[in-house]
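Visitor: I'd like to go over a predicted model; first the sequence, then the structure.
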Amino acid sequence: MAPPILSYEGLGLVQGEGWLFRGIDAFIGPRDRLALIGRNGAGKTTLFKCLAGMIETDEGRRTIVPGTKVVLLEQDPDMSAHDSLGVWVLAGDDAPAPHEADAIAQQLGIDLARPATTASGGERRRAAIVRALAQNPDVLLLDEPTNHLDLAAIGWLEAWLNRFKGAFIVISHDRTFLARLTKSCIWLDRGTLRRAEIGFGGFEAWTEAAYAEEARAAEKLDAKLAIEAHWLQRGVTARRRRNQGRLAKLHEMRAQRAAMLGPPGAAKLALAKDDIKSKTVIDAERVSKSFGERQIIRDFSLRVQRGDRIGLVGANGSGKTTLLRLLTGELPPDSGSVTKAKTLSGIVIDQQRKLMTPTKRVRDVLAEGGDWIEVRGHKKHIKGYLKEFLFDPSLTEAPVGSLSGGERSRLLLAREFARESNLLVLDEPTNDLDLETLDLLQEVIADYDGTVLIVSHDRDFLDRTVTVTLGLDGSGKVDVVAGGYEDWVRKRFEDHRPAKAAAKPDTAAVSKNEVRGGPAKKLSYKDQRDFDRLPGEIERLEREIAADEEKLHDPDLFSRDPALFAELTERIARHRAEVEAAELRWLEVAELAEQLA
């Protein structure tokens, strides 16, 4: 193992009346790819600032190899004092070279001339990424880098980090992002930091083993510790085990929804029986919507059933918000119709978290200052309800402004899920949430009696949550797929994939084209090679993934052979990323072939 280029020994920091963490040792090698994982409020962002030298700690020694540049990508940097995003990117002594910033900005598709005060969350996030990457760092500290990014930008960032020659540590709720990029995990838990040389795919098994060991140790101590250990097991690892049952139910629901699909290529979810019409909550018929000359939605039909979990995916600007507003009745269509059930009553949890006033107490937000909260028709004491959302009950008097960004998001979810409704609209709900809260959110959504509409770029979250995916490509077309994000990608691949016989060139047609108008247009050598070979490559990778997953079914593998466990989980994550990249590349050349035909 190479010697570290950045380390902190015995790190300790006092926050409020006690130690946030103490006795932490952190070592970063020159090519480390680390996932930093911990609950909201555990101090992950603060630890980043300590590693970056931005916070003076109360204990510990920071050591850095001379000349090493450490760059922190913050979650929400303050740009308000600058006229434009570009001025902010190039401000300060540590600013990147203008040509470096321009090159990355062009690749990310961000106009740095945009006024900082009117820039969207996605534009500010892209500008922050430009500033961080263009500084040519040796160590990158990435705090929720995928927040507000669309799928194309996330894919670009993944590719950049895969080529990156330095080290990085990433805090992220995006399981797919972590699984594809990280090789080791560091776990910040109750003031201590632990490290394991396993990819993110092995993180849950590692932590469950650690909790189980703590529980066995606690049984030898007094009853109070045993009770706390039991709560820990029940509140964390038991929830993860329940995930398997929830996913099985989700796959069953997807199968039922797939049975309602019309003929291949149809954009309407038809109904198997007329009596199911009574379960329809939103019925969209041949809906179209344009803004100026640009058509956003074209000839879209969908019948949404009570209990559906609908995910909307696509690049920023592809029309997701427009489609969401059409479905909820907020925006009228240019043509077609949207009919909603008269009893439909919805709540919207948006990206801005506008309801969270910093000066309000947690008690004020949940129960208007009282001790009891009405949770969908049932009274609950707020302390007990806070526990359900992974809060310490003593936080009832804490001001909202003292909570971390993730804790505020979790508090908003607790408030909104308590209200009576039968339609829930979630706009990027995973931003700022830790992995345990994401598990909780998935569980609450699964138990929700009503219908859920979700706009998200979190691929893993969609795969674990939704029954139907609406995929927008920006042309006005909306793909309707029973399943999650991976099902949508697979459908696009299958829709464009020709029969094997059709893959052979039609020499007669080529001759006619040459006679009529000179040389026929055709794919380049590289494009044609990818067009021919990728379907077989995808099938091979999927066979290898299935074989490795079968080996992981052994419940004792992690404790018996942790090295093999780590190798398998890392290989599965890598192969899944390769499958998706291959499918997208094949779609690209298939669409090009169609244009040249």
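Guide: Alright, I've got the coordinates.

Visitor: run the chain-centre distance for stretch 357-367.
Guide: Averaged C-alpha coordinates place stretch 357-367 at 28 Å from its chain's average position (Cα atoms, centre = their mean, to the nearest Å).

Visitor: now do stretch 393-406
Guide: On Cα atoms, centre = their mean, the centre of stretch 393-406 falls 24 Å from that of its chain.

Visitor: again, but for stretch 188-200
Guide: Stretch 188-200 has its C-alpha centroid displaced from the chain centroid by 21 Å (Cα atoms, centre = their mean).

Visitor: heads up, I number from 385, so please use that
Guide: I'll keep to 385 as the first residue from here, and by that count the last item is stretch 572-584.

Visitor: can you show me the helices along the stretch 485-634 of the chain?
Guide: Ranges of helices in the stretch 485-634 of the chain, per DSSP state H, counting those that start in this stretch, are 505-517, 535-547, 559-565, 587-602, 607-616, 622-643.

Visitor: by contact count, what packs against the first one?
Guide: Contact partners of helix 505-517 among helices and strands, from 3 or more Cβ pairs under 8 Å, 6 or more residues apart in numbering; DSSP states H and E: strand 454-457, helix 469-473, helix 482-492, strand 523-527, helix 535-547. Just so you know, the C-beta spots here come from the backbone N, C-alpha and C atoms, and that holds for glycine as well.

Visitor: in the longest one, what counts as buried?
Guide: This points to helix 535-547. Neighbour-count burial for helix 535-547, with 16 or more other Cβ atoms under 10 Å as criterion, is recorded at 535, 537-542, 545.

Visitor: got the residue ranges for the helices in the stretch 835-981 of the chain?
Guide: Counting by DSSP H, counting those that start in this stretch, the helices of the stretch 835-981 of the chain are 843-849, 869-880, 891-901, 909-936, 941-944, 946-980.

Visitor: so where's the stretch 585-734 of the chain shaky on pLDDT?
Guide: Low-confidence segments of the stretch 585-734 of the chain (pLDDT under 70): 599-629, 644-662, 734.

Visitor: and what of the chain?
Guide: Under the criterion pLDDT under 70, the flagged ranges of the chain are 385, 599-629, 644-662, 734-739, 880-905, 939, 975, 978-979, 981.

Visitor: how is it carved up into domains?
Guide: Structural domains annotated on the chain: 390-595, 658-876, 881-980, as defined by automatic domain parsing.

Visitor: possible to save those domains as JSON lines with distance to residue 640?
Guide: Formatted as JSON lines, the domains of the chain follow (distance: least, Cβ to Cβ, whole Å):
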{"stretch": "domain 390-595", "distance to residue 640": "26"}
{"stretch": "domain 658-876", "distance to residue 640": "8"}
{"stretch": "domain 881-980", "distance to residue 640": "25"}
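
Visitor: in stretch 486-504, which residues are buried?
Guide: Those would be 486, 488-489, 492, 494, 496, 498, 500, 503, for stretch 486-504 by 16+ other Cβ under 10 Å.

Visitor: in JSON lines, list the buried residues of helix 535-547 along with distance to residue 866.
Guide: Shown next, in JSON lines, are the buried residues of helix 535-547 (distance: Cβ to Cβ, whole Å):
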{"residue": "535", "distance to residue 866": "20"}
{"residue": "537", "distance to residue 866": "27"}
{"residue": "538", "distance to residue 866": "24"}
{"residue": "539", "distance to residue 866": "24"}
{"residue": "540", "distance to residue 866": "29"}
{"residue": "541", "distance to residue 866": "30"}
{"residue": "542", "distance to residue 866": "27"}
{"residue": "545", "distance to residue 866": "33"}
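
Visitor: list the contacts of stretch 479-490.
Guide: 470, 473-474, 495-496, 510-511, 513-515, 517-520 (Cβ atoms under 8 Å, 6 or more residues apart in numbering).

Visitor: make a PyMOL selection of the buried ones in these.
Guide: Buried residues within these, by 16+ other Cβ under 10 Å, are selected in PyMOL with:
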select buried, resi 470+473+474+496+510+511+513+514+515+517+518+519
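
Visitor: JSON lines for the contacts of stretch 479-490, including distance to residue 700?
Guide: Shown next, in JSON lines, are the contacts of stretch 479-490 (distance: Cβ to Cβ, whole Å):
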{"residue": "470", "distance to residue 700": "19"}
{"residue": "473", "distance to residue 700": "19"}
{"residue": "474", "distance to residue 700": "24"}
{"residue": "495", "distance to residue 700": "13"}
{"residue": "496", "distance to residue 700": "17"}
{"residue": "510", "distance to residue 700": "10"}
{"residue": "511", "distance to residue 700": "14"}
{"residue": "513", "distance to residue 700": "14"}
{"residue": "514", "distance to residue 700": "16"}
{"residue": "515", "distance to residue 700": "20"}
{"residue": "517", "distance to residue 700": "19"}
{"residue": "518", "distance to residue 700": "21"}
{"residue": "519", "distance to residue 700": "25"}
{"residue": "520", "distance to residue 700": "27"}
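
Visitor: now the two most distant members of the contacts of stretch 479-490.
Guide: Spanning the widest gap among these are 495 and 520, at 22.8 Å by Cβ to Cβ.

Visitor: and the helix or strand where residue 674 lies, what does it pack onto?
Guide: Residue 674 belongs to strand 664-675 when elements are defined using DSSP states H and E. Applying 3+ Cβ pairs under 8 Å, 6+ apart, we find strand 664-675 packed against strand 678-689, helix 704-712, strand 719-724.

Visitor: out of the ones you listed, which is closest to residue 730?
Guide: For residue 730, the closest of the helices and strands packed on strand 664-675 is helix 704-712, at 6.4 Å, according to Cβ to Cβ.

Visitor: what comes into contact with the closest one?
Guide: Against helix 704-712 from outside (Cβ under 8 Å, 6+ apart): 666, 668, 671, 673, 675, 680-681, 684, 686, 688, 696-698, 715, 717, 722, 724, 730, 807, 809, 811, 837, 839, 854, 856, 862.

Visitor: again, only this time at 7 Å
Guide: Contacts with helix 704-712, where a contact means Cβ atoms under 7 Å, 6 or more residues apart in numbering, come from 666, 668, 671, 673, 680-681, 696, 698, 715, 717, 722, 730, 809, 837, 839, 854, 856, 862.

Visitor: that helix to strand 664-675, inter-axis angle?
Guide: Angle, helix 704-712 to strand 664-675, by axes from the mean of the first three to the mean of the last three Cα atoms, to 10 degrees: 130 degrees.

Visitor: buried stuff in helix 704-712?
Guide: 704-708, 710-712.

Visitor: okay, angle between that helix and strand 719-724 too, please.
Guide: Going by the same axes, to 10 degrees, helix 704-712 makes 60 degrees with strand 719-724.

Visitor: alpha carbons only: can I get helix 704-712 in CSV?
Guide: Output in CSV follows, covering the C-alpha atoms of helix 704-712 (Å, rounded to 0.1, in the frame of the first residue of the first chain):
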residue,chain,number,x,y,z
LYS,A,704,-40.4,16.1,-16.5
THR,A,705,-41.8,19.0,-14.6
THR,A,706,-44.2,19.9,-17.4
LEU,A,707,-45.5,16.3,-17.5
LEU,A,708,-45.9,16.3,-13.7
ARG,A,709,-47.9,19.5,-13.8
LEU,A,710,-50.1,18.1,-16.6
LEU,A,711,-50.8,14.9,-14.6
THR,A,712,-51.7,16.8,-11.4
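
Visitor: what angle separates it from strand 678-689?
Guide: If you take the same axes, to 10 degrees, helix 704-712 sits at 40 degrees to strand 678-689.
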